[in-house]
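1. give me the fold of what follows.
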Amino acid sequence: MVTIALVAGFALILAGLYGALTNRNILRMIVSFTVADTGVNVVLVTVGWMPGRTAPILDAAVPVAEAAQRIIDPLPQALVLTAIVIGLGVTALMLAYAWRLFGATGSLDISKFTELKW
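-> The predicted model follows:
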């Protein structure tokens, strides 16, 4: 199960990077970056998962004395939740830039943007 999730995560990362590098349309590039971001999140969750362990909630099901051996570290899950929120913000920012570029040039093809200034 872990191997399938890792392979799927890395496949999403590679598909997203391939799409971002080969597409000329900005919207397709944004979707490709989002797919790669989802792949990174899948890999992080998979790496943090351990078989036979339970959620990090100390109650009658998990005594305090056995907590270190029976619970999963919640840090990877917290990192993925943070990465999802950051990814949403970055995607919204990229879409706002794409909207602004489309309004200024009337195109979403990156080869049409030749008047960029520093």
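
2. which helices and strands sit right next to the host helix or strand of Ile30?
-> Under the criterion of DSSP states H and E, Ile30 resides in helix 26-48. For helix 26-48, the packing partners by 3 or more Cβ pairs under 8 Å, 6 or more residues apart in numbering; DSSP states H and E come out as helix 2-22, helix 75-105. (Glycine included, C-beta is placed from N, CA and C.)

3. centre of the chain to the lowest-mean-pLDDT helix or strand in the chain, how far?
-> Ranked by mean pLDDT, DSSP states H and E, the weakest helix or strand in the chain is helix 67-70, scoring a mean of 78. Relative to its chain's centre, helix 67-70 lies at 29 Å (Cα atoms, centre = their mean, to the nearest Å).

4. what residues are up against the spatially most central residue of the chain?
-> Central residue check for the chain by Cα atoms, centre = their mean: the C-alpha nearest the mean position is that of Asp37, 2.5 Å away. The neighbourhood of Asp37, defined by Cβ atoms under 8 Å, 6 or more residues apart in numbering, consists of 16, 83, 87, 90-91.

5. buried subset of the residues you listed?
-> For those, a burial check counting by 16 or more other Cβ atoms under 10 Å picks out 16, 87.

6. can you redo the contacts of Asp37 as JSON lines with pLDDT?
-> Listed next are these as JSON lines, based on pLDDT from 0 to 100:
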{"residue": "Gly16", "pLDDT": "96"}
{"residue": "Ala83", "pLDDT": "95"}
{"residue": "Gly87", "pLDDT": "95"}
{"residue": "Val90", "pLDDT": "96"}
{"residue": "Thr91", "pLDDT": "96"}
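
7. on that earlier part again, and the helix holding Ile30, how far out from the chain middle?
-> The mean C-alpha position of helix 26-48 is separated from the chain mean by 4 Å, Cα atoms, centre = their mean.

8. find the nearest non-adjacent residue to Ala61, please.
-> With sequence-adjacent residues excluded and distances taken as Cβ to Cβ, 6 or more residues apart in numbering, Ala61 is closest to Thr54, at 7.1 Å.
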